[in-house]
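Asks: output the structure for:
(2 chains, ligands or ions: 1)
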Amino acid sequence: MIKTIVSTALPIDERFMIKKNVISHGTGKKRICIVTGTHGDELEGQFICWKLQRNILDNLEQLDGTVEVYPALNPMGIDSITRGVPNFDIDMNRIFPGNPNGSMVEQTAHAIIEDLKGADMVIDIHSSNIFLREVPQVRININDSDTLVPWAKHLNVNFVWVHEAATVLESTLAHSLNSTGTKTLVVELGVGMRINHYYGKNMVNGLLNLMYEMGMWKQSVDKEKIITPLLSIADEVSFVNATHSGIFSTETHNDQIVEKGQLLGQIISPLTGEVIEDVLSPTHGYLFTIRAYPVCYEGSLLARIHNL
Amino acid sequence: MKKEILFSMESPYRDTFRIRGYRFGEGEKSLAIVGSMRGDEIQQLYICSQLVKQLKELEDKGMLIPDHEILIIPSANPFSMNLEKRFWAMDSTDINRMFPGYNLGETTQRIAAGLFEAIKDYSYGIQMASYYMPGNFIPHVRMLETGYEDIDTAKLFGMPYICRRKPLPFDTTLLNYNWQIWETKAFSIYGGQNNEVEGKESTSTINTILHFMQRIGLIDKSIRAHCADYNSVLLDESELISVNAPTAGIFYKKKDAGDEVKKGTPLGQILDPYEGVVKSKIFAPEDGVVFFAHNKSLALQNTPLFKIHKF
Ligand SMILES: [Zn+2]
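Replies: Predicted coordinates for the structure are as follows:
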C-alpha cells in the first residue's frame, strides 16, 4: 500500500511528496524500513528497492511482518540530478533530526524521523557519489558497533567499516535514529549516477538474509552465497589523495588485495603528454574505494585501503 | 601595503588557484578580515576591496597605529566567483564548512587549511558572511555561542544587533566556530545582501568596520567614518519569531528588513500563481521589527518569510 508521509505545496501547481510502499503479511510484528535517495545523484538504491519488492511480492507467503520501502527521501534531487535539496542548497543528510517548526526541508527531515522511529531495523542505502566507486559495505559509528556489527554481517557485503565518531556526522539520518534506539545500518555501494546490477542482486539477497535472521522471512537464504565481510575497526584505513591536479587514469578495480608500492593509477596531463604522478599504494591491504571520475584536483580522493 | 599569495594550487584546466592577502602595518597580528568564501558573495568582496583601498591611503598618510598588523583577504574563492557558482564547483563543497581544514585531505579541506593557517593567530577576526536562505537582513554581528564569544567587543561595531546562536553539530566546521576555539575574537558581519555593491548598506558596513578598527586601536582616532553608531541589542537567534508561509505561491512582500511593525500589521500576501487571487494574508504576530525578510518572489509552504524581533 502506497502511503504519502510528507505532502507540501510547491508554489506553482505541484506538491512535494515523499512516498513509501508498505507490504505486510502474516501476524509478525517485526518492521524493517529500506530508505534511499537522500542524495539525488545516488541511484543504486532504486534498483534494490524494485528488486527487493519483486522478490517479496512474488513470495509473499514467506513474509511474516512489515516491509516499508522509501525509494526517494529527496525526490526533487533525484529528479534534477542534484545531490542536495535543490531549493535549499543543503545536504539532506546534514539536517536530521530536523525541526517541526523549521523550513520545508527541516520539517521534512522531522517527518521522516517520526515515520521511521520504532522500526526494528532501518537500512539507509547510499551509493557513494559520482567521484568514487565503492565495494558493497556497511559503515558504522564506533559508538554503535556492539549493537550493529552483528547485524551488518548478515547483509552480504564485502566490507564493514567501523569508523571514528565525528561531530559533524551527528546530523545524519542514521545517527539521529541510532541515538534514539532505532537500529539503522548505512550501506554504501557502487558509484553515483549508475546502477550495478550484480551489486544490487547481492544486496537484495543480503536484505532477505537479514530479514530471515530477524525472524520475518521464513525461507532461509543459501548461506554459502552470503559473503563474510572483512571488518575494519577505526583507524585501519589509509587514504590516498592526489598530490597534483590532472586526469586520474586507472585500470585498477576495487575489491582486491594490493601490495605496498603497487601502481594504482597515474595522474596524466592531456596538454603536455606527461605523467604527472604515479599513484602508488601506501600500504598492503584491501582496496575498497577507487576514484571513478577522472578529473582531479590536488587533494581529490583517489583510493581507500584497509590496512592488512 | 604588502601583497602576497597566501595559498595556491594548480588546476587541471584553469589558471592557478590563488588566495591573495593584503597586509598593512607591522607587529602584533591584530586583525584578519576574510571576504568572500562563496562564489555569490560579491558585496563581501567589494567591502574588502574598499577597505584595502582605504587602509592603503591611511598607511601612506601614517595613520595606522604602530606595532599592529592587519591582514585582508578579499576572496578565498575566486574560482567559484568566476564561474558564478556559490560552492566549489567540482564537488559542491562549501569552504566555510571545512574548518579548521586538513592539509592532506580533500581539495576544499586543503584550501580551508591554507586559509586558516594564515589567519588563525590574529587577536580579532572578521568574516563577511552570508546566509543560506535568500533574504534581506538588518545589518548585524553574528556569533556562535562557544563559551569564547565576546559580546562586549562585538558592541564596538555599533551595529543595530548582535545575534548569537547555539551551534548545531554541523556548525562545528564553520570559520567563526574554529576561530573562536583557536582564541581569536571572531565576528561574522551580515551587511544585508550578497549581490549588490551599490547603495547605503555597503558604505555603512565599510565605515562600521573602520569604526571598529578605531575603537580597538588600529587606526587613528581622527579619521571620520560616517555611520550610525547604535547601542547594539543582543539577541539570541531562538528569540526571533518566525513567520512561515501558510501556503505556497507568488509572494508579494509589503514589509522589509528594518521595518517596524505592530501586531496585526500586514507583512505580505501569497497569491495564486495562475489566478492572481490572494490565497493568504500574512500579519505581524507581535509588535517588533522585521529582522529578516525573504526576498524571492516565490514562496514554499511552511518556509520562513519573516523573522520578527519582538519589542
Ligand atoms: Zn549518500
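
Asks: all contacts plus neighbour counts: C-alpha atoms, from now on.
Replies: Noted.

Asks: separation between the residue of chain B most remote from its centre and chain A?
Replies: Centroid-distance maximum for chain B: B:Glu275 at 38.8 Å, with CA atoms, centre = their mean. Distance from B:Glu275 to chain A, counting by CA to the nearest CA, to the nearest Å: 11 Å.

Asks: tell me if I am right that that residue is in a helix.
Replies: No: counting by DSSP: H, G, I helix; E, B strand; the rest coil, B:Glu275 is not found in a helix; it is coil.

Asks: dihedrals phi and psi, it?
Replies: Per-residue torsions, B:Glu275: phi -110, psi -10 (degrees, to the nearest 10).

Asks: any idea of the pLDDT on it?
Replies: The per-residue pLDDT reported for B:Glu275 equals 97.

Asks: excluding chain neighbours, what is closest to B:Asn244?
Replies: Using CA to CA, 6 or more residues apart in numbering or on different chains and skipping the chain neighbours, the partner closest in space to B:Asn244 is B:Pro304 (4.1 Å).

Asks: pretty sure the one you found sits against B:Pro246.
Replies: No: counting by CA atoms under 8 Å, B:Pro304 does not reach B:Pro246; the two are 9.6 Å apart.

Asks: circling back: for the ion, see how far away the residue nearest to B:Asn244 is.
Replies: Distance, B:Pro304 to the ion, using CA to the ion, to the nearest Å: 27 Å.

Asks: now do the helix or strand where B:Glu57 lies: which elements does it pack against?
Replies: Secondary-structure assignment from DSSP states H and E places B:Glu57 in helix B:42-60. Using 3 or more CA pairs under 8 Å, 6 or more residues apart in numbering or on different chains; DSSP states H and E as the contact test, the elements touching helix B:42-60 are strand B:17-24, strand B:28-36, strand B:68-75, helix B:200-215.

Asks: residues in contact with the residue of the stretch 101-250 of chain B found nearest chain A?
Replies: Ranked by CA to the nearest CA, the top residue of the stretch 101-250 of chain B for proximity to chain A is B:Gly249, at 3.9 Å. By CA atoms under 8 Å, 6 or more residues apart in numbering or on different chains, the residues touching B:Gly249 are A:Leu10, A:Pro11, A:Ile12, B:Ile270, B:Leu271, B:Asp272, B:Pro273, B:Leu298, B:Ala299, B:Leu300.

Asks: who does it bridge with?
Replies: Counting by DSSP bridges, B:Gly249 is bridged to B:Ala299.

Asks: got the confidence number for it?
Replies: At B:Gly249, pLDDT is 96.

Asks: okay, now residue 139: neighbour count?
Replies: You didn't pick a chain, so chain A it is. Neighbour count for A:Arg139, taken as other CA atoms under 10 Å in any protein chain shown: 19.

Asks: wait, chain B
Replies: B:Pro139: 22 neighbours (other CA under 10 Å).

Asks: show the contacting residues for it.
Replies: B:Met159, B:Pro160, B:Tyr161, B:Ile189, B:Tyr190, B:Gly191, B:Gly192.

Asks: filter these down to the ones in strands?
Replies: Among the contacts of B:Pro139, the residues falling in strands (DSSP state E) are B:Tyr161, B:Ile189, B:Tyr190.

Asks: please tell me I have it right and the first one contacts B:Leu235.
Replies: Yes: B:Tyr161 sits in contact with B:Leu235 when judged by CA under 8 Å, with a separation of 7.2 Å.

Asks: kindly report the residues of the stretch 151-300 of chain B close to chain A.
Replies: Proximity of the stretch 151-300 of chain B to chain A, by CA under 8 Å from any CA of the partner chain, involves residues B:169-173, B:244, B:247-250, B:273-274, B:298-300.

Asks: counting neighbours, which of those residues end up buried?
Replies: Neighbour-count burial (16 or more other CA atoms under 10 Å in any protein chain shown) is assigned, among these, to B:170-173, B:244, B:247-250, B:273, B:298-300.
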